[in-house]
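make a model of this:
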Amino acid sequence: MTERMKDFLGSPGTWSGFALRSAQCGFAAASVAVMASANGFSNYTAFCYLIASMGLQLLWSLGLACLDVYALRTKRDLHNPVLVSLFVVGDWVTAILSFAAACSSAGVALLFEKDVHFCRTFPQLSCGRYALSVLLAFMTWTFTATSSVSMFWVLASL
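The predicted model follows:
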């Protein structure tokens, strides 16, 4: 059973794990870049929280992607129960933070667009960028949630 779990999608030290971490990094970086380039984002707490959460996600995923590359190059096995436990906790924490940030930012973006019509009233607001950044944050969260479940199953198999 353990041998099969090493090949489980997103396992640490595998190509699929590296691809999953790279996708997390890419979408988190894109979300931060889009939101940071939007006018007036810093006036709204939810958008600042989104940048902080995606920044944390970017650093966590980048670190684990580098660890995956190291394991692939040196052919090391990363299926140590203590190490995988750390991955599980880190993934679940970043997944919850990413989801909370994406949801709160989506609420503010929808409020601006549909309810109070800030986007029409204040055209200098970058409502399209806010929405795009939120979409990218939700994409980041889907990859992070996939990784969280994957790490949980790997830990359960050890």
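
and the pLDDT for the residue of the chain most remote from its centre?
Here the chain reaches farthest from its C-alpha mean at Thr121, the gap being 32.4 Å by CA atoms, centre = their mean. pLDDT, Thr121: 84.

look up how far Cys127 lies from it.
11 Å (CB to CB, to the nearest Å). Backbone N, C-alpha and C define where each C-beta goes, glycine included.

swap in Leu110?
10 Å.

so these two - more neighbours on which side?
With neighbours defined as other CB atoms under 10 Å, Leu110 and Cys127 compare such that Cys127 has more, 18 against 13.

now that one: closest residue in space, sequence neighbours ignored.
Nearest residue to Cys127, sequence neighbours excluded (CB to CB, 6 or more residues apart in numbering): Cys119, at 3.8 Å.

the one you found - how many residues pack around it?
For Cys119, using other CB under 10 Å, the count is 17.

again, but for the one 5 residues further on
One way to gauge burial is a neighbour count; for Gln124, by other CB under 10 Å, it gives 6.

does it lie in a helix or a strand, and which?
Using DSSP states H and E, Gln124 sits within no helix or strand.

what pLDDT does the residue nearest in space to the middle of the chain get?
The centre of the chain sits closest to Thr140, judged by CA atoms, centre = their mean, with a distance of 3.8 Å. Per-residue pLDDT puts Thr140 at 97.

and for Asp7?
67.

and what of Glu3?
Looking at Glu3, its pLDDT is 53.

gap between the residue nearest to Cys127 and Ala101?
Taken as CB to CB, the span from Cys119 to Ala101 is 21 Å.

off-centre distance for stretch 110-121?
27 Å (CA atoms, centre = their mean, to the nearest Å).

pull the residues that contact it.
For stretch 110-121, the surrounding residues in contact (CB atoms under 8 Å, 6 or more residues apart in numbering) are Leu125, Cys127, Tyr130, Ala131.

what of stretch 36-56?
With CB under 8 Å, 6+ apart, stretch 36-56 has contacts from 28-29, 31-32, 35, 94, 97-98, 100-102, 104-105, 107-108, 124-126, 129-130, 133-134, 137, 140.
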